[in-house]
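Trainee: with the input below, show me the fold.
(one chain, ligands or ions: 1)
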Amino acid sequence: MMRQTISVKSRLNTELIDITGEVREAVKKSGLKEGVCHLFVPHTTAGIAINEGADPSVKRDILTSLNRLVPFDGDYQHAEGNSAAHIKSTLVGTSAVCLIEDSQLVLGTWQSIFFCEFDGPRTRRVYIATI
Ligand code: ZN
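Mentor: Model prediction:
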């Protein structure tokens, strides 16, 4: 197994950042021909999602819906004031798995890999394990 770390700088409080290019680069660097690429976000207020990257309105609709589902202000007890971000992170999840074939990341035609920021702006990390 090879583990790499990529750094992601978010600019907004809540946003989806396309990291497909960086992940493809990491897979290339691993030299692995066939295997699995495991992505892990070591944060409690961020996540990772694979979804449509071609039409930016999909990204917008996902964020708008998550914000509607989990409002920033609510009956939360967590004193840090970012409960909505913790809940969104839990809903979206902090890991994803992709296949590697012929040294390439296998994704559907319209799929992109998104780092999901829910409590930015911050500098974040994504661990990429190629196995
Ligand atoms: Zn918190």
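
Trainee: residue furthest from the geometric center of this structure?
Mentor: Ranked by distance from the centre of the chain (Cα atoms, centre = their mean), the top residue is Asp75, with 26.7 Å.

Trainee: for stretch 12-24, measure first residue to last.
Mentor: Its first and final residues considered, stretch 12-24 spans 24 Å by Cα to Cα, to the nearest Å.

Trainee: coming back round to it: what distance do you get for the residue farthest from the centre of the chain to Thr64?
Mentor: 22 Å (Cβ to Cβ, to the nearest Å). For the C-beta atoms, the positions are set from N, CA and C on the backbone; glycine is no exception.

Trainee: Arg124 now?
Mentor: 22 Å.

Trainee: neighbour count for the two, which is higher?
Mentor: When neighbours are counted by other Cβ atoms under 10 Å, Arg124 and Thr64 differ, and Arg124 comes out ahead with 21 against 12.

Trainee: mind checking the SS state of the residue lying closest to the more buried one once chain neighbours are set aside?
Mentor: The shortest distance from Arg124 to any non-neighbouring residue, by Cβ to Cβ, 6 or more residues apart in numbering, is to Val8 (4.6 Å). Taking DSSP: H, G, I helix; E, B strand; the rest coil as the rule, one finds Val8 in the strand state.
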